[in-house]
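Peer 1: task: produce atomic coordinates for the following.
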Amino acid sequence: MSAALLRSLHVPGRPVVLPNVWDAVSAKVFAEAGAAALATSSSAVAATLGYDDGQRTPADEMFAAVARICRAVDVPVTADIEAGYGLSAAELADRLLAAGAAGCNLEDSDPATHALRDVGAQAAWLAEVRAAAGDALVVNARVDTFLGGRDPGPDGPVAVAVRRARAYLDAGADCVYPILAPADALAAFVREVVAPVNAFHTPDGPSIADLAKLGVARITFGGGLHRRATEYVRELAADLLG
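Peer 2: Numbering: from 1, shown residues only. A predicted model of the protein is given here:
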């Protein structure tokens, strides 16, 4: 499905809810339930394929999993491809489009060291991805300032996140994703960044309705839905084999 359709769903205050799926079955379940679009979760796909999170899944296997998910549904799918697996921007765009993805999520920290990438270098790379993909991909630029272990410096995480987000938007990103930003920080971020913002929903955080009131345009769940499904399977196994 087209990136144009996915892009049109990003409306601040009326966010598109993107269930994060991990295989063709989960994708079909959420699409049949009425999801207008879907996202993959790199951690959930990795777990399904037998790998740990953090870009440890071979790129070939990740893109093959994305392609299976895209083939299974008739709604747009945006793919979480971590930090890009060391691929060039052109190859990354080509492989996403070949898999049938309408968008992608790209992190701005190093999966190995967890350090934030130089903002200029990240923005330049995102500009290359945009140039390679044209309008055929919705680029969601993740801002990792609020993740544990990242040092935002003396200005504080909100100010640093806003600066990084603006640089990524100037480079051609369609939306920005301050993952794990607390509600107050997220509200400040949305006020300062005049563009679609992706919010991360957690069971103990603001509700979907509350996130919408903050003005976000997109809501995702990371690996949370897969963890809930796995917990159900664990309970089922205990019932059957206990």
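Peer 1: quick check: phi and psi on the residue nearest the centre of the chain?
Peer 2: In the chain, the centroid-proximal residue (CA atoms, centre = their mean) is residue 105; its distance is 4.2 Å. Note on residue 105: backbone dihedrals following degrees, to the nearest 10 are phi -110, psi 130.
Peer 1: what helices or strands is the host helix or strand of residue 131 leaning on?
Peer 2: Using DSSP states H and E, residue 131 falls within helix 119-133. Contacts defined by 3 or more CB pairs under 8 Å, 6 or more residues apart in numbering; DSSP states H and E place helix 119-133 against helix 89-99, strand 103-106, strand 138-142, helix 157-170. No exception for glycine: its C-beta is placed from N, CA and C like everyone else's.
Peer 1: need those in JSON lines with distance to residue 46 and mean pLDDT, can you?
Peer 2: Formatted as JSON lines, these follow (distance: least, CB to CB, whole Å; pLDDT from 0 to 100):
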{"stretch": "helix 89-99", "distance to residue 46": "16", "mean pLDDT": "98"}
{"stretch": "strand 103-106", "distance to residue 46": "14", "mean pLDDT": "98"}
{"stretch": "strand 138-142", "distance to residue 46": "16", "mean pLDDT": "98"}
{"stretch": "helix 157-170", "distance to residue 46": "24", "mean pLDDT": "97"}
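Peer 1: in the biggest helix by length in the chain, what counts as buried?
Peer 2: Using DSSP state H, we find that the single longest helix of the chain is helix 224-241. The neighbour-count check on helix 224-241 (16 or more other CB atoms under 10 Å) flags 224, 225, 226, 227 as buried.
Peer 1: adding distance to residue 157 and pLDDT, write these out as JSON lines.
Peer 2: Formatted as JSON lines, those follow (distance: CB to CB, whole Å; pLDDT from 0 to 100):
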{"residue": "224", "distance to residue 157": "22", "pLDDT": "97"}
{"residue": "225", "distance to residue 157": "26", "pLDDT": "98"}
{"residue": "226", "distance to residue 157": "27", "pLDDT": "98"}
{"residue": "227", "distance to residue 157": "25", "pLDDT": "97"}
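Peer 1: residue 174 against residue 198, yeah?
Peer 2: No: the pair formed by residue 174 and residue 198 falls short of the contact definition of CB atoms under 8 Å, at 9.9 Å.
Peer 1: give the residues shared as contacts by those two.
Peer 2: Residues touching both residue 174 and residue 198 by CB atoms under 8 Å, 6 or more residues apart in numbering: residue 140.
Peer 1: show me what contacts the nearest residue to residue 229 once chain neighbours are set aside?
Peer 2: Once flanking residues are discounted, residue 229 sits nearest to residue 26: 7.2 Å by CB to CB, 6 or more residues apart in numbering. If you count contacts by CB under 8 Å, 6+ apart, residue 26 has them with 225, 226, 229.
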